[in-house]
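K.L.:
what follows is a protein structure lacking sequence information:
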């Protein structure tokens with residue numbers, strides 16, 4: 001199995017380059033707990049869809065959303081898949097098997 005090297009990059013820097021966030025946004029986000037940030041995002045999504053998120057399996061999708069976020073974070077601060085698996089606390093074999101499910105190259 002290959003241990004493809006990943007560039008050390010910052011997800012925050014990529015969002016800044018796209019002008020999607022700025023320092024003020026980061027300051028506000030840093031004051032929120034993760035639970036509050038997720039609740040705000042869900043409320044904004046509900047408003048955009050007419051007030052409710054009907055027919056969306058929100059409860060059953062939460063673990064997948066969290067795992068996806070963790071893999072995005074791991075790819076920005078680790079250089080190899082082995083490093084990523086160690087940081088996430090899973091075996092290398094498990095990580096390699098599931099990596100493509102969560103990591104979407106841009």
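P.N.:
Looks like it came in fine. Computed from a predicted model, the values in this text were never measured in an experiment. Numbers count the residues shown, from 1 in each chain.

K.L.:
show me the helices in the protein, by range?
P.N.:
Here the chain has its helices, by DSSP state H, at 11-17, 23-31, 34-48, 58-77, 81-88, 92-102.

K.L.:
how about those in JSON lines, adding mean neighbour count and mean pLDDT?
P.N.:
Every residue, glycine included, has its C-beta placed from N, CA and C. Formatted as JSON lines, the helices of the chain follow (neighbours: other Cβ atoms under 10 Å; pLDDT from 0 to 100):
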{"stretch": "helix 11-17", "mean neighbour count": "13", "mean pLDDT": "92"}
{"stretch": "helix 23-31", "mean neighbour count": "10", "mean pLDDT": "96"}
{"stretch": "helix 34-48", "mean neighbour count": "11", "mean pLDDT": "91"}
{"stretch": "helix 58-77", "mean neighbour count": "14", "mean pLDDT": "89"}
{"stretch": "helix 81-88", "mean neighbour count": "18", "mean pLDDT": "95"}
{"stretch": "helix 92-102", "mean neighbour count": "14", "mean pLDDT": "89"}
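
K.L.:
just the pLDDT at residue 8, thanks.
P.N.:
Here the pLDDT value assigned to residue 8 is 52.

K.L.:
go on, residue 2?
P.N.:
pLDDT for residue 2: 45.

K.L.:
ok, now the one 3 residues further on?
P.N.:
Looking at residue 5, its pLDDT stands at 54.

K.L.:
over to residue 105?
P.N.:
Looking at residue 105, the pLDDT reads 61.

K.L.:
centroid residue for this structure?
P.N.:
residue 69 (1.9 Å; Cα atoms, centre = their mean).

K.L.:
against residue 76, how distant is that residue?
P.N.:
Per Cβ to Cβ, to the nearest Å, residue 69 is found 11 Å from residue 76.
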